[in-house]
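A.B. asks: The following comprises the amino acid sequence and a computationally predicted model.
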Amino acid sequence: MYCPWIPLLRSNKGTWRAITSPTIRHVFYIGIILAEAVAAFLCWKGAIGLFKNRNDLSSFKAHKTPAIYGLTLGVLIWFVGFIAIGGEWFLMWQSTQWNGIEVASCIVTVCGVTLLYLLMPDGE
């Protein structure tokens, strides 16, 4: 299977980090998709629970948990997975076609700010 980024990296000293096995790449790709699906499910579950219980403070607080887990997973996926590992270890920032660091930074910012807001104590 042809990998469009491998010819671009032939002169790069970081090519030893490249994953050239299609099987391993597909396993990681499917893992990322599954992790994103779990994060989305948890965020939606939390958001729906929070909306339904917006008038009952104790139930509202109890329904924060899935959203907190979902947002935390989102930060981990996009910051650790894409910015730290993809961007720095696999040198994604060097690619003109496969550089997703800017998008990942936006998603981490949205998830992080939302997570901080959600973790703030609720007024009585």
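C.D. replies: Yep, it's here. This structure is a prediction, so every number in the text was calculated from the model and none was measured.

A.B. asks: Next one: the closest residue to C43 other than its chain neighbours from A104, what distance?
C.D. replies: Distance criterion Cβ to Cβ, 6 or more residues apart in numbering; nearest residue to C43, sequence neighbours excluded, is G70 at 3.7 Å. Where C-beta positions appear, they are placed from N, C-alpha and C, glycine not excepted. G70 sits 17 Å away from A104, going by Cβ to Cβ, to the nearest Å.

A.B. asks: quick one, which of those two is more surrounded?
C.D. replies: Taking other Cβ atoms under 10 Å, G70 and A104 do not tie; G70 has more neighbours (23 against 20).

A.B. asks: Past the strand or helix carrying the more buried one, which element shows up next along the chain?
C.D. replies: Using DSSP states H and E, G70 sits in helix 64-75. Downstream of helix 64-75, the first helix or strand assigned by DSSP H and E is helix 101-119.
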